[in-house]
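# Just a sequence and a predicted model for now, questions to come.
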Amino acid sequence: MEKFDVVVVGGGAGGISCAWNAAKCGLKTLLIEKNIHLGGLITSGLVIPVMKLNSLGINVEFYNELISAAKSQNACITYEDGNSGWFNPELMKSVFDEMLSSVGCKVLFNSEISHVQRKNDKFFVNVNSNMLSIHIETSYLVDGTGDGKIFEKLNLEFLKDNEEKQSISLRFLMANVDRKKFADWILDFDKNRNVTTACEVEGQLHFSTACTWDKNANWALSPLFAQAVSDGVLKPSDTAYFQVFTVPYADGCVAFNCPRLLPSEGESSLVEPIYAVSELLIEGRKRINRIANFCKKYLKGFENAYVSNISDMLGVRESRRVKGKRIFSVNDIISGEKPENVALASDYPIDVHSDKKDCSELSFTKHVWYLPVESLISADYDNLFVVGRCLSAEFKAQAAVRTQMNCFSMGEAVAKYIFATEKAPENQVLQ
């Protein structure tokens, strides 16, 4: 049986950051990932760019190192608005590998947890990896699965304060887009340019634009979507959410933040629950084909484009949330009160992508708020942690804290807390 100080399960944004920071602090660390590469929604989910926010420089060491490493490999750019998190999802796979290797963190790919138990303040984890069963002992266990799977295996409590479901995305890429032709056209077509941007970065032309069901914004592309529905090219559901970004160092490649899928669409009376996610994936790929055809027919510069990549995972915003020592609340966001033990600072708004047709509830906070470390610590065990979207938070509060930049900071906060716990006398870390 191999022994570790820290075992992190799940190599998404929070898990990678936690493992990197823990290993950098000198803790013997293992990161277990079910896929064959790291990155989670950044790489497998094609969720780019990272949403820009004001973190006040709190727990951003990993993110800053990530940007430096990515730029050295031509895997990201800094956009004109100062957002440095415009990643190339394919190139980021090797960036994450090299970062973890540089600090001596071990990684197990293609591996999943089959059993977890706790004895004498230690966790004993059974891992299925490459048809082998591995037994591991660890002093600290971190759930970065995005769905609280470790908490589930330990039969711990989840929060149930809202039955509303948020929409899911299945992102994709199109290649062979004439960027200049599209950029020139969209800048002329969108006279207000309130949702359209374009700039040149390191000799590359980059742009972004959007169109959704939200009636509170002036979407220049709305008439084209309406025409496409009338022409039978799109279905009304295809027009719910449309957002595109260029991909760094991938000439002619454009990333799509769509189509938008509602969990209820995979849970009709004709579909057994076990098939619900599969039905969403099937429906998502149908919508991708229709959206791609729309782009080729109605958008200048897309005439010869084609779908080059479809996400390997659904972009899930919220599934379930664990119960921690403290439940992060909307009042915590509104008050902006700084807790004694800060995991992160952010000014990202409450962004609920509702399962109702009228798109989303977006409540701008207009000020910085703070997440307490206690929302990342299990209510039952002091050496069990959570990072990522399934943290201990109210439904609406989670909608503000779930973004990738915040997840990076969560992972860093947990790793630093564990290191401080190891170095400090018992019960002196949290007062």
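Yep, that arrived. Numbers count the residues shown, from 1 in each chain.
# Please count neighbours and contacts with C-alpha atoms only from this point.
Will do.
# Could you list the domains of this structure?
As assigned by automatic domain parsing, the chain contains the domains 2-163+317-423, 168-310.
# Check the ones you listed for me and report the most buried one.
domain 2-163+317-423 (a mean of 20; mean count of other CA atoms under 10 Å).
# In a markdown table, list the domains of the chain along with mean pLDDT.
Formatted as a markdown table, those follow (pLDDT from 0 to 100):
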| stretch | mean pLDDT |
| --- | --- |
| domain 2-163+317-423 | 94 |
| domain 168-310 | 91 |
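# His37 contacts Lys93, correct?
Yes - at 6.1 Å, His37 counts as touching Lys93 under the criterion of CA atoms under 8 Å.
# What is whichever strand or helix holds Glu152 packed up against?
With secondary structure defined by DSSP states H and E, Glu152 is part of helix 149-153. Other helices and strands packing on helix 149-153, by 3 or more CA pairs under 8 Å, 6 or more residues apart in numbering; DSSP states H and E, are strand 111-119, strand 132-143.
# helix or strand right after it?
With DSSP H and E, the next secondary element past helix 149-153 is strand 158-159.
# who's in contact with the helix or strand harbouring Ser94?
Here Ser94, judged by DSSP H and E, is contained in helix 89-102. Identification of contacts with helix 89-102 by CA atoms under 8 Å, 6 or more residues apart in numbering yields 16, 19-20, 37-39, 42-44, 46, 48, 66, 69-70, 73, 75, 106.
# contacting residues around Asn110?
By CA under 8 Å, 6+ apart, Asn110 lies in contact with Glu33, Lys34, Asn35, Ile36, Ser129, Asn130.
# Correction: the previous question concerned Gly85.
Contacts of Gly85 by CA under 8 Å, 6+ apart are Ile48, Pro49, Val50, Met51, Lys52, Ile67, Cys76, Ile77, Thr78.
# That one and Val60: what is the separation?
Separation of Gly85 from Val60 (CA to CA, to the nearest Å) stands at 13 Å.
# Over to Ser68?
12 Å.
# Show me the strands in the stretch 201-350 of the chain, by range?
204-212, 241-246, 254-256, 260-261, 306-310, 321-322, 342-346, 350-353 (DSSP state E, counting those that start in this stretch).
# can you list contacts of the third one?
When contacts are taken as CA under 8 Å, 6+ apart, the neighbours of strand 254-256 outside the stretch itself are 46, 48, 171-175, 177, 242-247.
# Pretty sure Tyr241 sits against Arg260.
Yes - between Tyr241 and Arg260 a contact is recorded at 5.9 Å, counting by CA under 8 Å.
# Dump the helices and strands packed on helix 149-153 to a markdown table, plus distance to Glu279.
Output for these, formatted as a markdown table (distance: least, CA to CA, whole Å):
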| stretch | distance to Glu279 |
| --- | --- |
| strand 111-119 | 24 |
| strand 132-143 | 28 |
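# of all those strands, which lies closest to Glu283?
Distance to Glu283, taken as CA to CA, is lowest for strand 111-119 among these, at 27.6 Å.
# contacting residues around that closest one?
If you take CA under 8 Å, 6+ apart as the criterion, strand 111-119 is touched by 32-35, 123-130, 150, 153-154.
# Quick check: bridge partners of the residue lying closest to Cys390 once chain neighbours are set aside?
In space, Cys390 comes closest to Arg321 once its chain neighbours are excluded; the distance is 4.2 Å by CA to CA, 6 or more residues apart in numbering. For Arg321, the beta-bridge partners are Leu159 (DSSP bridges).
# ok, now which ones touch Arg321?
Arg321 is in contact with Asp147, Gly148, Phe158, Leu159, Lys160, Arg389, Cys390, Leu391, Ser392, Ala393, counting by CA under 8 Å, 6+ apart.
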